[in-house]
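# everything below, folded, please.
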Amino acid sequence: MAFAARNLSVLSYANGFTLWHYTTTDNNTAVIAGNYFNAASDLVRKGDLIVANVDTGGTQANKMYFVASVASGVVTITTAV
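Numbers count the residues shown, from 1 in each chain. Down below sits the predicted model:
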(Lines give C-alpha, C1' and ligand atoms only; values in the text may rest on other atoms or scores of the structure.)
Protein backbone atom coordinates (compact mmCIF):
# COMPACT_ATOMS: atom_id res chain seq x y z
CA MET A 1 0.00 0.00 0.00
CA ALA A 2 0.93 3.63 0.24
CA PHE A 3 0.39 6.55 2.57
CA ALA A 4 -3.32 7.33 3.12
CA ALA A 5 -4.01 10.85 4.39
CA ARG A 6 -7.30 9.75 5.97
CA ASN A 7 -5.29 7.58 8.40
CA LEU A 8 -3.20 10.50 9.74
CA SER A 9 -4.66 12.50 12.61
CA VAL A 10 -3.48 15.03 15.17
CA LEU A 11 -3.28 13.83 18.76
CA SER A 12 -1.86 17.04 20.20
CA TYR A 13 -0.48 20.37 19.06
CA ALA A 14 1.44 22.96 21.09
CA ASN A 15 4.16 25.54 20.47
CA GLY A 16 4.73 24.55 16.85
CA PHE A 17 5.01 20.83 17.66
CA THR A 18 2.48 18.22 16.55
CA LEU A 19 2.03 14.70 17.86
CA TRP A 20 0.41 12.62 15.12
CA HIS A 21 -1.23 9.21 14.97
CA TYR A 22 -1.12 7.06 11.85
CA THR A 23 -2.47 3.60 11.14
CA THR A 24 -1.64 1.36 8.19
CA THR A 25 -1.61 -2.22 7.01
CA ASP A 26 1.93 -1.54 5.72
CA ASN A 27 4.74 -2.95 7.83
CA ASN A 28 7.49 -0.93 9.49
CA THR A 29 9.98 -1.71 6.69
CA ALA A 30 7.67 -0.15 4.11
CA VAL A 31 7.04 2.94 6.23
CA ILE A 32 10.70 3.71 6.94
CA ALA A 33 11.89 2.80 3.43
CA GLY A 34 11.76 6.43 2.36
CA ASN A 35 9.31 8.92 0.89
CA TYR A 36 6.38 7.28 2.67
CA PHE A 37 5.01 10.50 4.20
CA ASN A 38 5.81 12.81 1.27
CA ALA A 39 2.10 13.34 0.56
CA ALA A 40 1.85 14.88 4.04
CA SER A 41 4.74 17.31 3.50
CA ASP A 42 2.34 20.25 3.73
CA LEU A 43 1.15 19.06 7.17
CA VAL A 44 4.13 17.69 9.11
CA ARG A 45 7.11 19.71 10.31
CA LYS A 46 10.64 18.92 11.35
CA GLY A 47 10.59 17.77 14.97
CA ASP A 48 7.06 16.33 14.90
CA LEU A 49 6.46 12.81 16.21
CA ILE A 50 4.24 10.21 14.57
CA VAL A 51 2.88 7.37 16.70
CA ALA A 52 1.91 4.59 14.32
CA ASN A 53 0.06 1.32 14.37
CA VAL A 54 1.71 -0.61 11.53
CA ASP A 55 0.95 -3.96 9.90
CA THR A 56 -2.62 -3.84 11.19
CA GLY A 57 -3.59 -6.63 8.81
CA GLY A 58 -0.87 -8.96 10.11
CA THR A 59 1.38 -8.84 13.14
CA GLN A 60 0.46 -5.40 14.42
CA ALA A 61 3.22 -3.29 15.96
CA ASN A 62 3.36 0.16 17.49
CA LYS A 63 6.12 2.45 16.28
CA MET A 64 7.19 6.03 16.87
CA TYR A 65 8.77 8.06 14.09
CA PHE A 66 10.61 11.37 14.30
CA VAL A 67 10.24 13.81 11.41
CA ALA A 68 13.91 14.57 10.74
CA SER A 69 13.32 16.98 7.86
CA VAL A 70 10.76 18.34 5.42
CA ALA A 71 12.17 19.98 2.30
CA SER A 72 10.80 20.44 -1.22
CA GLY A 73 7.99 17.96 -0.62
CA VAL A 74 10.26 15.27 0.81
CA VAL A 75 9.60 14.04 4.36
CA THR A 76 12.46 12.20 6.04
CA ILE A 77 11.64 10.15 9.13
CA THR A 78 13.70 8.13 11.55
CA THR A 79 12.59 5.61 14.14
CA ALA A 80 12.26 7.50 17.41
CA VAL A 81 12.39 4.49 19.74
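# most distant residue from the centre of the protein?
What lies farthest from the middle of the chain is N15; by CA atoms, centre = their mean that is 19.5 Å.
# most centrally placed residue in this protein?
Central residue of the chain (CA atoms, centre = their mean): I50, 4.7 Å from the mean position.
# am I right that that residue is in a strand?
Yes - the secondary structure assignment for I50 places it in a strand, going by DSSP: H, G, I helix; E, B strand; the rest coil.
# tell me the pLDDT of it.
Looking at I50, its pLDDT stands at 98.
# quick one: contacts for it?
L8, W20, H21, Y22, F37, V44, M64, Y65, V67, I77 (CB atoms under 8 Å, 6 or more residues apart in numbering). In short, each C-beta sits where N, CA and C put it, glycine included.
# go on, V44?
Shown here is V44, whose contacts under the criterion CB under 8 Å, 6+ apart are T18, W20, F37, I50, V67, V70, V75.
# ramachandran angles for G57?
The phi and psi values for G57, taken as degrees, to the nearest 10, are phi -90, psi 0.
# my error: substitute I32 in the last question.
Dihedral angles phi and psi of I32 (degrees, to the nearest 10) take the values phi -90, psi 0.
# who wins on neighbours among the contacts of V44?
By neighbour count, taken as other CB atoms under 10 Å, the most surrounded of the contacts of V44 turns out to be V75 (26 neighbours).
# ok, what's across the strand from it?
Note on V75: beta-bridge partners by DSSP bridges are V70.
# and it, how far is that from Y22?
Between V75 and Y22 the computed distance is 12 Å (CB to CB, to the nearest Å).
# helices - which of the contacts of I50 land there?
Filtering the contacts of I50 for membership in helices, criterion DSSP state H, returns an empty set.
# which one of those residues is nearest M1?
If you rank the contacts of I50 by distance to M1 using CB to CB, Y22 comes first, at 12.2 Å.
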